[in-house]
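Participant: structure, please.
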Amino acid sequence: MVVNKLENKQYSLNCNISEFEQYGIELRLFFEFLKYSIIAFFVMSIISIPSLVKIFNQSDNDPYFEISIFSKFSLSNQPFLILENIPEQSTEQEKQQIIQINKQQANIYVQESVKKYKKNIYFLLKKHIRLLWAAIPDIINCFFFFFFIYFLRFKRKQIYSKRKHAQPSDYAIEITGFPKFINQEYIIHEHFQKNLNVDVFECYLVRKYFSFLTLYKQKQLIYDKIKAKKQKLKQKNEKESQKLNKLIEKQQKIKTELQNKYSLITNKKQMFQSKKAFLIIDKHSQKQMLKNEYKKQWNFYFCNNYSDNFKLFGQYPLKINFKPDEPSNILWENIEVSKSRNFISTLTSILLMFCTFGIILIANIAQPQKKYNCKQILNMTKECQCQNYSYSNIMENNQIKEMCYDILVQYYTVQALNIIMGIIIWVINLVNQIIIIKLVKFNKYKTVTKETTLTLIKIFLSFFINTSIIPLLSQANIFGIIPSIYVSYFIPPLKQVQEDKKDQFSIDFDRKWYDLVGFKIICTVLISLIVSIIKNILLLPIFKCLNTLKVYFVTIKSSQKEANEKIIDQNFYIILYYAQSLNIIFTCLFYSSGMPILLLIGGLNLLVQYWFCKYTILRICKYPPIYDKSLSRSVFNIVPFALFFHLCIGIYMYSQPQIFPQNIEDLNLNKEYQLEDQENNIKNRAFKLIYLFIILFIILGLDLLNRIFFSPWIFSKLFFRAKNNVFNYKPYQDFYQKISGHMLQTYNIKSNLKYKSIVQTIENHINGDNFEENYDEQKQDNINFENININLQN
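Facilitator: Here you go, the predicted model:
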């Protein structure tokens with residue numbers, strides 16, 4: 001729970017987002033990202049109103065009743081052509097007559113769709129009139145979202161330039177490349193101070209502890225579990241007794257492993273070998289000067305032209321990272337872990353994601369489909385006739401009810417299955433995010449920021465593929481390759497069903513696709529909105545009451561850690577909220593060209609997300625760790641891909657020849673849509689929408705020019721007057737006490753309360769002191785396992 005440190009009371013729910021900056025700039029940037037994304041989506045929704053109105057009004061030309069209201073807000077709700085079907089036993093002359101009649105109807109269809117607006121909008125090309133009503137608002141939205149992307153980048157730079165607090169990483173550098181036998185900090189300290197003329201505030205080596213940190217942390221967790229089980233045993237529970245025995249066995253195994261590791265260490269110097277060093281420079285200007293000098297050396301690194309100033313003892317070239325993570329975010333036990341150990345965990349995560357993708361794909365294809373396409377041919381079957389009547393007409397007329405009631409129930413059953421599918425996707429996304437978070441712990445990332453960033457990307461990709469890509473593939477026929485058939489290969493009954501309806505899979509964004517897949521996607525996004533509202537209404541008061549009751553369960557004998565666990569609120573998982581927000585943005589933009597209503601739904605979804613996150617951080621959750629710049633940088637670098645995908649899908653949707661026919665040849669009258677026709681159609685229509693392609697290349701060109709020739713600093717200087725808002729970097733010793741008030745200010749592992757007692761135990765044991773026997777007792781008083789922010793919050 002975030003509190004106002006100056007007034008020592010809770011913030012108002014309407015407080016300014018800038019107040020979050022004292023708990024980390026990345027926390028403020030998260031809320032800024034949500035706020036401006038909401039504004040952007042609502043502005044784009046307003047811009048899309050003319051397109052929505054024109055699309056919705058096209059239903060007057062539709063002689064058939066549309067049961068799904070959402071289909072009226074998609075491109076499928078265009079004037080359509082009813083052609084006479086050719087009977088199988090007709091002669092060649094009869095076939096030609098029917099074809100000629102259909103061609104005449106098609107010519108009238110194309111012309112009438114133009115004449116309707118001929119008098120009102122004379123300055124637009126006749127044959128593109130319906131297309132332009134849909135495409136022009138989308139083109140404006142593309143430009144708007146393009147500038148929104150750059151606005152986010154400039155806003156981020158502006159916030160960092162106006163910040164009030166410095167961070168240790170602003171002054172710190174990470175050094176590698178020196179030999180392992182260097183075990184004294186003063187060697188690195190003096191080298192930089194004398195040879196590179198920088199004022200070193202502190203320098204600490206990262207020691208190699210041979211997995212002792214990991215083992216001791218595991219031992220601590222098991223010790224806590226044993227204590228909890230002993231308390232439950234007072235109730236004489238036999239199951240708890242068995243669990244306790246297993247925990248004691250695990251504890252004994254860890255003790256044995258620790259003893260074996262200690263016995264293998266024959267030399268104290270071997271124990272304290274160095275992996276890297278963290279050095280804090282007192283003046284930020286000296287760090288920038290050092291960075292510029294290092295870049296000159298780095299350009300000639302492969303030619304062995306390092307100057308002696310960047311060589312330790314004149315022979316060991318030093319590699320310097322000028323963007324280290326914050327001290328409190330370093331996972332010291334993972335620093336010595338090699339990259340090869342992460343391969344199995346990464347592979348497991350990928351296999352798990354593919355399994356969930358397969359489950360969702362099977363769930364998408366395992367549902368009934370329509371047998372008839374009543375909109376393309378004049379079909380007099382009962383199913384098509386019953387679509388003439390609404391639900392009220394069927395219930396009022398007994399004769400119609402007797403004929404169509406079963407058909408209507410079947411139709412609504414299919415729609416209900418689509419809604420259930422949306423709920424299934426939401427549930428699988430929820431389970432998937434929990435499993436991914438658990439698996440990430442086995443990857444042994446070296447910093448919390450890197451772990452958080454990669455977890456965010458994995459969860460977002462999982463959400464986006466499950467929500468947007470899988471429903472698309474479930475009805476796709478990609479040049480004869482039908483994913484649904486290949487996925488159901490090991491389920492013979494389901495595979496046979498897919499084989500039987502092979503001709504019903506969509507090879508394009510036609511009307512059938514909007515009815516089957518588009519409706520499903522809208523349902524999924526709507527369900528996520530409804531579930532979020534219900535979850536907030538039901539769970540937030542419960543969490544608030546539980547947090548109040550936690551205080552009464554703290555006893556006098558409780559340790560500091562136990563008190564923290566009972567009193568301190570739950571974590572604020574910023575990565576989950578980032579991933580959910582990105583999924584909404586990508587999904588809604590991905591299909592908004594064909595379904596503009598998604599922009600409004602996405603804006604409402606983000607609005608609910610914003611107020612839910614703000615309420616939880618102000619009233620329920622504890623604030624997250626203070627991340628470095630890479631978290632927001634990675635998110636803001638992902639967002640431009642949403643515009644790129646939107647343009648690519650939009651170009652393909654608008655060039656669909658049967659929805660926006662440019663001539664009679666586009667209608668493919670009375671012939672099957674063969675694969676050869678599909679390939680030729682894609683090639684021929686690629687550059688029909690020259691307008692969107694021009695915009696696509698302009699956007700990509702501007703972004704490329706900006707990255708190569710123009711620095712974002714120039715734009716930020718023009719728009720935000722960044723020259724007058726540059727952060728004043730005072731010497732680090734002046735910031736030292738202020739930094740200690742809200743985060744860990746040193747790279748000394750012994751100052752980190754999560755590792756302090758563990759390191760003391762290891763060092764004392766190596767030095768011959770029998771510290772291991774009373775370690776568990778001392779742990780109760782000295783070790784705080786919570787994040788450093790928890791202690792500061794208390």
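Participant: give me the nearest residue to residue 613, chain neighbours excluded.
Facilitator: Among residues not flanking residue 613 along the chain, residue 577 sits closest, at 5.3 Å (Cβ to Cβ, 6 or more residues apart in numbering). All C-beta atoms are positioned from the backbone trio N, CA, C, and that covers glycine.
Participant: contacts only, for that neighbour.
Facilitator: Shown in contact with residue 577 (Cβ atoms under 8 Å, 6 or more residues apart in numbering): 30, 609, 613.
Participant: I'd like the distance between it and residue 27.
Facilitator: Here the distance between residue 577 and residue 27 works out to 11 Å (Cβ to Cβ, to the nearest Å).
Participant: what's the average pLDDT for stretch 319-334?
Facilitator: Averaging pLDDT along stretch 319-334 yields 85.
Participant: what ranges do the strands span in the chain?
Facilitator: With strands called from DSSP state E, the chain shows them at 3-4, 9-10, 172-176, 200-207, 274-281, 311-312, 316-317, 319-321.
Participant: any idea which of the ones you listed is most buried?
Facilitator: When neighbours are counted by mean count of other Cβ atoms under 10 Å, the highest per-stretch mean among these falls to strand 274-281, a mean of 22.
Participant: quick one, that strand and strand 200-207 angle?
Facilitator: Relative orientation of strand 274-281 versus strand 200-207 (axes from the mean of the first three to the mean of the last three Cα atoms, to 10 degrees): 170 degrees.
Participant: for residue 321, which non-adjacent residue is closest in space?
Facilitator: The shortest distance from residue 321 to any residue that is not its chain neighbour, by Cβ to Cβ, 6+ apart, is 3.9 Å, and that residue is residue 174.
Participant: what's the spacing between that neighbour and residue 330?
Facilitator: When distance is defined by Cβ to Cβ, residue 174 is 10 Å away from residue 330.
Participant: now do residue 11
Facilitator: Here the criterion is Cβ to Cβ. By it, residue 11 lies 30 Å from residue 330.
Participant: so which of these two has more stuff around it?
Facilitator: Using other Cβ atoms under 10 Å as the criterion, residue 11 and residue 330 rank with residue 330 on top: 23 against 18.
Participant: low-confidence ranges in the stretch 101-250 of the chain?
Facilitator: Under the criterion pLDDT under 70, the flagged ranges of the stretch 101-250 of the chain are 108-130, 164, 229, 231-240.
Participant: run the last query once more with 80
Facilitator: Low-confidence segments of the stretch 101-250 of the chain, defined by pLDDT under 80: 101-134, 160-166, 210-211, 223-247.
Participant: ok, the nearest residue to residue 587 once chain neighbours are set aside - contacts?
Facilitator: Spatially, and ignoring its direct neighbours in sequence, residue 587 is nearest to residue 468 (4.7 Å; Cβ to Cβ, 6+ apart). For residue 468, the contacting residues are 521, 586-587, 590-591, taking Cβ under 8 Å, 6+ apart as the criterion.
Participant: distance of residue 210 relative to residue 749?
Facilitator: When distances are taken as Cβ to Cβ, residue 210 and residue 749 turn out to be 15 Å apart.
Participant: contact partners for the nearest residue to residue 593 once chain neighbours are set aside?
Facilitator: In space, residue 593 comes closest to residue 650 once its chain neighbours are excluded; the distance is 3.3 Å by Cβ to Cβ, 6+ apart. Residue 650 is in contact with 135, 138, 142, 593-594, 692, counting by Cβ under 8 Å, 6+ apart.
Participant: farthest-apart pair in these, please.
Facilitator: Maximum pairwise distance among the contacts of residue 650 (Cβ to Cβ): 14.5 Å, between 142 and 594.
Participant: compare those two (neighbour count), which wins?
Facilitator: Counted by other Cβ under 10 Å, residue 142 and residue 594 do not tie: residue 594 has more neighbours, with 26 against 21.
Participant: packing partners of the top helix by length along the chain?
Facilitator: Longest helix of the chain, by residue count under DSSP state H: helix 398-440. For helix 398-440, the packing partners by 3 or more Cβ pairs under 8 Å, 6 or more residues apart in numbering; DSSP states H and E come out as helix 342-365, helix 382-386, helix 391-396, helix 448-464, helix 519-550.
Participant: domain ranges for the protein?
Facilitator: Here the domain parsing of the chain from automatic domain parsing is 3-57+134-162+339-709, 168-337+745-793.
Participant: quick one on the thing from earlier: switch the contacts of residue 650 over to a markdown table; also include distance to residue 757.
Facilitator: Formatted as a markdown table, the entries for the contacts of residue 650 read as follows, by distance: Cβ to Cβ, whole Å:
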| residue | distance to residue 757 |
| --- | --- |
| 135 | 65 |
| 138 | 60 |
| 142 | 57 |
| 593 | 59 |
| 594 | 60 |
| 692 | 62 |
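Participant: for residue 638, state which of these is nearest.
Facilitator: Nearest to residue 638, judged by Cβ to Cβ, of those is residue 142 at 17.7 Å.
Participant: now the closest residue to residue 607 other than its chain neighbours: how far from residue 610?
Facilitator: Using Cβ to Cβ, 6+ apart and skipping the chain neighbours, the partner closest in space to residue 607 is residue 38 (5.3 Å). Residue 38 sits 6 Å away from residue 610 when distances are taken as Cβ to Cβ.
Participant: same deal with residue 72?
Facilitator: As defined by Cβ to Cβ, residue 72 lies at a distance of 29 Å from residue 610.
Participant: cool, residue 319 as well?
Facilitator: Computed with Cβ to Cβ, the distance linking residue 319 and residue 610 is 42 Å.
Participant: any idea which helix or strand of this structure has the worst average confidence?
Facilitator: Among the secondary structure pieces of the chain, namely its helices and strands, helix 788-793 has the lowest mean (mean pLDDT, DSSP states H and E), a mean of 34.
Participant: give the buried residues for stretch 257-264.
Facilitator: residue 258 (16 or more other Cβ atoms under 10 Å).
Participant: report pLDDT for residue 35.
Facilitator: pLDDT, the model's per-residue confidence, is 93 for residue 35.
Participant: my guess is it meets residue 611, correct?
Facilitator: No - taking contact to mean Cβ atoms under 8 Å, the distance of 10.7 Å between residue 35 and residue 611 leaves them out of contact.
Participant: number of nearby residues for the residue nearest to residue 336 when sequence neighbours are not counted?
Facilitator: By the measure of Cβ to Cβ, 6+ apart, the closest residue to residue 336 outside its immediate chain neighbours is residue 208, 5.3 Å from it. Here the number of neighbours of residue 208 (other Cβ under 10 Å) works out to 18.
Participant: now residue 208: how far from residue 182?
Facilitator: 12 Å.
Participant: cool, residue 653 as well?
Facilitator: Computed with Cβ to Cβ, the distance linking residue 653 and residue 182 is 62 Å.
Participant: of the two, who's got more company?
Facilitator: Remark: of residue 653 and residue 182, residue 653 carries more neighbours, 25 against 16, as counted by other Cβ under 10 Å.
Participant: which non-adjacent residue is nearest the more buried one?
Facilitator: For residue 653, the closest residue by Cβ to Cβ, 6+ apart turns out to be residue 594, at 4.3 Å.
Participant: my guess is that neighbour contacts residue 518. True?
Facilitator: Yes - using Cβ under 8 Å, residue 594 makes contact with residue 518 at a distance of 6.7 Å.
Participant: shared neighbours of these two, anything?
Facilitator: Joint contacts of residue 594 and residue 518 (Cβ under 8 Å, 6+ apart) are 74, 76.
Participant: residue 612: how many residues sit nearby?
Facilitator: Using other Cβ under 10 Å, residue 612 has 17 neighbouring residues.
Participant: residue 74 touches residue 134, doesn't it?
Facilitator: No - between residue 74 and residue 134 there is no contact under Cβ under 8 Å: 10.1 Å.
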